[in-house]
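K.L.:
Mind looking at a prediction? Sequence and model below.
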Amino acid sequence: MTATTDVDLTPQQGVIVVFSDIWCSFAHIAVHRLHTTRARLGLTDRVRFDLRAFPLELLNGAPSPRAGTDSEVGRMGQQEPAAGWQLWQDKEYLYPSTTLPALEAVIAAKEQSLHASEQLDLALRRAFWAESRCISNRAVILAAAESTDAVDVAALTEALDDGRARRSLSDDAAISATERVVCSPHLFLPDGTDHANPGIEVHWEGDYGVGWPVVGKDDPNAFEELLKRAAT
């Protein structure tokens with residue numbers, strides 16, 4: 001078996017590999033900017049996103065605490081308000097305890113197309129960050145799929161029933177645990193370059209879940225260059 005450190009993460013031309021977790025605020029910003037910048041540049045039909053899982057709960061050995069994500073909403077929401085944000089509004093017990101089912105669904109949707117996977121991923125990020133929905137729940141995941149115009153919900157349901165994407169999720173987690181992928185989000189381009197949390201430099205004031213993120217630099221235009229290079 002090939003060691004995870006030896007896996008080639010360089011995609012074919014016209015594809016950007018994106019390692020991320022759904023309850024990562026930095027990934028929420030990056031994915032939003034990838035979609036909006038791609039549309040603005042007229043590259044929607046020329047560049048696709050191959051979404052891979054960077055499951056924070058497996059890497060950290062615990063689910064992401066609500067205090068942590070709440071502390072990120074106010075600060076990171078200022079950087080990209082249009083991505084959609086709100087403090088958790090539903091009942092406390094409905095706060096998601098895991099993103100693994102949602103990440104598995106995004107991977108399973110790639111069996112249909114990268115476009116279907118992209119749209120489901122985007123819908124799930126909105127459901128969590130902007131709508132306070134429990135993306136651990138299968139019904140919420142399928143409702144997110146239903147809200148897109150790209151996902152065959154019956155085919156996705158079948159894929160979730162037989163767990164065919166679970167091996168890929170585990171493989172992504174194994175790669176994420178190596179030095180190859182350093183954070184969520186981490187992008188890999190066809191030219192062999194990779195870019196961790198593009199355009200944003202941030203550090204934490206205090207411990208995660210107690211303190212808050214401090215943004216030292218934010219350059220939304222960083223995504224223009226990355227998308228152009230992927231399309232060339």
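P.N.:
The structure has been received and is ready for your questions.

K.L.:
Any regions of this protein where pLDDT drops low?
P.N.:
Across the chain, the ranges flagged by pLDDT under 70 are 1-5.

K.L.:
need the strands for it, in chain order.
P.N.:
Secondary structure of the chain (DSSP state E): strands at 15-20, 48-53, 186-188, 194-196, 200-205, 212-218.

K.L.:
between those, which one is nearest to Glu146?
P.N.:
Closest of these to Glu146 is strand 48-53, at 19.0 Å (criterion: C-beta to C-beta). Using the backbone N, CA and C atoms, a C-beta is placed for each residue, glycine as well.

K.L.:
List the contacts of the closest one.
P.N.:
Residues from elsewhere that reach strand 48-53, judged by C-beta atoms under 8 Å, 6 or more residues apart in numbering: 11, 14-21, 31, 34, 103-104, 106-107, 110, 114-115, 117-118, 121, 169, 172-173, 175-176.

K.L.:
do stretch 80-89 as well
P.N.:
If you take C-beta under 8 Å, 6+ apart as the criterion, stretch 80-89 is touched by 28-29, 32-33, 36, 66, 69-70, 73-74, 76-77, 95, 125-126, 129-132, 220.

K.L.:
can you rerun that using 7 Å?
P.N.:
28-29, 32-33, 66, 70, 73, 77, 95, 126, 129-130, 132 (C-beta atoms under 7 Å, 6 or more residues apart in numbering).

K.L.:
Name the residues of it that are buried.
P.N.:
Across stretch 80-89, burial judged by 16 or more other C-beta atoms under 10 Å covers Glu80, Ala83, Gly84, Trp85, Trp88.

K.L.:
mind putting those in JSON lines, distance to Arg164 included?
P.N.:
Formatted as JSON lines, the buried residues of stretch 80-89 follow (distance: C-beta to C-beta, whole Å):
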{"residue": "Glu80", "distance to Arg164": "34"}
{"residue": "Ala83", "distance to Arg164": "30"}
{"residue": "Gly84", "distance to Arg164": "30"}
{"residue": "Trp85", "distance to Arg164": "33"}
{"residue": "Trp88", "distance to Arg164": "32"}
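
K.L.:
Mind telling me the two of those farthest from one another?
P.N.:
Using C-beta to C-beta, the two most remote members of the buried residues of stretch 80-89 are Glu80 and Trp88, lying 18.8 Å apart.

K.L.:
ok so, going back, quick one: which of the strands of the chain is nearest Thr232?
P.N.:
Proximity to Thr232, assessed across those by C-beta to C-beta, is greatest for strand 15-20 (12.4 Å).

K.L.:
Need the contact partners of that closest one.
P.N.:
9, 11, 27, 31, 47-52, 54, 176, 181, 184-190, 226, 230.

K.L.:
Neighbouring strands of it in the sheet, and parallel or not?
P.N.:
Using DSSP bridges, the strands paired with strand 15-20 are strand 48-53 (parallel), strand 186-188 (antiparallel).
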